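> using only what follows, build the 3D model:
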Amino acid sequence: MANVNTGLDRLADEGFAGLRGQRLGLLVHPASVDRRLRHAAQLFFHAPLADLRVLFGPQHGIRGETQDNMIEWEGFTDPVMGLPVYSLYGEHRKPTAGMLADVDTLVIDLQDVGARYYTFIWTMLLCLEACAELGKRVVVLDRPNPLGGRRTEGNVLDPAYRSFVGLAPIPMRHGLTIGELAVFFRQWSGLDLDLEVVWMEGWERDLDFTATGLPWVLPSPNMPTVKTALVYPGACLLEGTLLSEGRGTTRPFEIFGAPFVEPETLCGLLRSWNLPGCRLRPLYFQPTFHKFAGEVCGGLQVHITDWRVFEPVATYTAAIGAVRRLWPRDFAWRRPPYEYETVKLPIDILAGGPAWREAVEADLSPWQMKAGWLEQLKAFAELTAGIRHYG
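I've put the predicted structure just below:
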C-alpha cells in the first residue's frame, strides 16, 4: 500500500502558506476531501492564511445531490460559511467576470475518474479559459487517476464533435491526472495563464486508487465505488443507447441490460471474445428509477478480476455490439438532447464522432475497432509525453 498525499493534503500540511495574501475562489465537489475526510471548503475557510471568498460547484451540485445528467442546479449562499456558491452546471458552465470579481486565485480540487465523458474536467477547462481572459491565477490540486496512468483506450475526439462530454482531443480513457490535464489544456488551448499544479507525493502511474491509501468518496451520485470508475470509460457509452446502464441499482455501470435481453444468450456470445481481466455474470435487475424504472431487465454484471489488463472500452464496445446483433429490432441509439447537444446523436458525441457507432453498425469486432484506435493513441502519447509529471 502506497502512502499518497494529494495536492490538498500537501497544501493543508503547509498551512496554505503559498496562498497568503490572495483572495480565493474554490471549485470543489463532495470528493474534495483530504486523507482524514475533511472537506477542502472547511479546511480553506478555517485556515488563517486562506482568504476564501467564493465557492463553485460542477455537475451534480457542489454537494452531489443532483442524481442524473442534465439536471441543472442553482447557486446559493452557504448557510455555515456565509459565502456565495455559484453553479457551473446551470445558466452558466463557464464562470463569469462577476463571479470572479472578488477572486485573485481560483483553486480547483476535483476528483476525476480518467474518462473523457466525465464532465468535471471540462468544467476545469472552462475555468482555465475564464481565468486566462480575466488575468486570474489558477492553482490545481492534483489527485490520482483511479485507473492508474499507464494505459489509454478508445478513439481521440474529433473536434467537429466537441460537446460538454468532450471539449479537447483526448481518448476515451486518457491516462492522465487532473493536474496533468490542466497543463495539457493550457498548452493545447494556447492560454496565457498563470497556472500552478500542487502535485501529489507518493503516486505512481501503475497504482490504482485502492493502492493509494486514500479514502474513496463518491465524486458523483452514480460513481459509488472504485470499481465503478474502473468500468466507466466503456460503460458510459451505454448512455448513448436505450439500454439501462444500471442507474437505479446499487451497481450502476457494472450492471446493464434491458427487458428484451436474455442474459445467458448475451453472456455466451461475449464469452467468445475472451475479454481480458473480467468475468461476466448473467442476471436480472429492476431499476428503481431512470431507464426501465420498475421493469425487470435481463443483462449482465461485469466483475473485474484483474484491473491491470481489463479493457473497459473494448469490453463495453463488445457488449453493445452483441446486444445490437442479437436483438436488432429492440436495440436503438438514444435520441437527443443530451448534455446540451440537441442535434447530434448522444452516442456520437460520447464516442467523439460517428466512427465508433458506424463500426458497431458494421459488426466489427472490438479487436478490429481497437486496432483502428492505435495510431490515434500513439499520437496522443507523443503529444502528452512532456506533461506526464509522474514518470
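
> helices of the stretch 51-200 of the chain, start to end?
Assigned by DSSP state H, counting those that start in this stretch, the stretch 51-200 of the chain shows helices spanning 120-134, 178-189.

> flag the shaky bits of this structure, pLDDT-wise.
Scanning the chain for pLDDT under 70 picks out 69-70.

> domains of it?
Here the chain is described, according to automatic domain parsing, as comprising the domains 7-217, 226-373.

> columns distance to T384 and mean neighbour count on top of these, output as a markdown table?
Every residue, glycine included, has its C-beta placed from N, CA and C. Formatted as a markdown table, these follow (distance: least, Cβ to Cβ, whole Å; neighbours: other Cβ atoms under 10 Å):
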| stretch | distance to T384 | mean neighbour count |
| --- | --- | --- |
| domain 7-217 | 6 | 20 |
| domain 226-373 | 16 | 19 |
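
> any chance of these in a markdown table with distance to A385 as columns?
Conversion of the domains of the chain to a markdown table gives the following (distance: least, Cβ to Cβ, whole Å):
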| stretch | distance to A385 |
| --- | --- |
| domain 7-217 | 11 |
| domain 226-373 | 18 |
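
> closest one to H389 among those domains?
Checking those against H389 by Cβ to Cβ gives domain 7-217 as the closest, at 5.7 Å.

> gap between the two ends of stretch 22-32?
21 Å (Cα to Cα, to the nearest Å).

> which among the helices of the stretch 51-200 of the chain is found nearest to I349?
helix 120-134 (12.0 Å).

> that closest one versus helix 178-189: what angle between them?
Here the directions of helix 120-134 and helix 178-189 differ by 50 degrees (axes from the mean of the first three to the mean of the last three Cα atoms, to 10 degrees).

> and helix 120-134, what does it pack against?
In this structure, helix 120-134 makes packing contacts with strand 23-27, strand 105-108, strand 137-141, helix 178-189, judged by 3 or more Cβ pairs under 8 Å, 6 or more residues apart in numbering; DSSP states H and E.

> save the ones you listed as CSV, and put in distance to V80 too.
What follows is the helices and strands packed on helix 120-134, written out as CSV (distance: least, Cβ to Cβ, whole Å):
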stretch, distance to V80
strand 23-27, 14
strand 105-108, 19
strand 137-141, 22
helix 178-189, 27
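
> mind checking which of the ones you listed is nearest L55?
strand 23-27 (5.4 Å).

> on that earlier part again, ok, which of the helices of the stretch 51-200 of the chain comes nearest D142?
Between the helices of the stretch 51-200 of the chain, helix 178-189 lies closest to D142; by Cβ to Cβ that is 3.3 Å.

> what lies in contact with that closest one?
7, 108, 110-112, 120-121, 124-125, 128-129, 138, 140-143, 145, 168-170, 174, 176, 191, 193, 195, 197-200, 384, 387-390 (Cβ atoms under 8 Å, 6 or more residues apart in numbering).

> ok so, going back, for F380, find the nearest of the domains of the chain.
domain 7-217 (5.6 Å).

> quick one: end-to-end distance for that closest one.
The stretch domain 7-217 measures 16 Å between its terminal residues, going by Cα to Cα.

> repeat for stretch 323-332
Here the two ends of stretch 323-332 are set 10 Å apart, with distance taken as Cα to Cα.

> same question for stretch 289-308.
Terminal residues of stretch 289-308 lie 33 Å apart, using Cα to Cα.

> can you check stretch 267-282 too?
Across stretch 267-282, the terminal residues are separated by 6 Å (Cα to Cα).

> if we can go back for a sec, wait, which of the helices and strands packed on helix 120-134 is closest to M81?
The stretch from the helices and strands packed on helix 120-134 with the least distance to M81 (Cβ to Cβ) is strand 23-27; that distance is 10.5 Å.

> closest to the centroid, which residue in the chain?
Closest residue to the average C-alpha location of the chain: Y118 at 2.7 Å, with Cα atoms, centre = their mean.

> now that residue: how far from M369?
Here the distance between Y118 and M369 works out to 22 Å (Cβ to Cβ, to the nearest Å).

> is L377 in contact with T152, as I believe?
Yes. A contact is recorded between L377 and T152 when judged using Cβ atoms under 8 Å, the distance being 5.0 Å.

> for L195, name its beta-bridge partners.
Note on L195: beta-bridge partners by DSSP bridges are V138.

> could you measure from it over to C127?
When Cβ to Cβ is applied, the distance between L195 and C127 equals 11 Å.

> what's the overlap in contacts for the two?
With contacts taken as Cβ under 8 Å, 6+ apart, the residues that reach both L195 and C127 are V138.

> give the helix, strand or coil label for the closest residue to H303 other than its chain neighbours.
Ranked by Cβ to Cβ, 6 or more residues apart in numbering and with sequence neighbours excluded, the top spatial neighbour of H303 is R279, at 4.7 Å. Remark: R279 carries the secondary structure label strand [criterion: DSSP: H, G, I helix; E, B strand; the rest coil].
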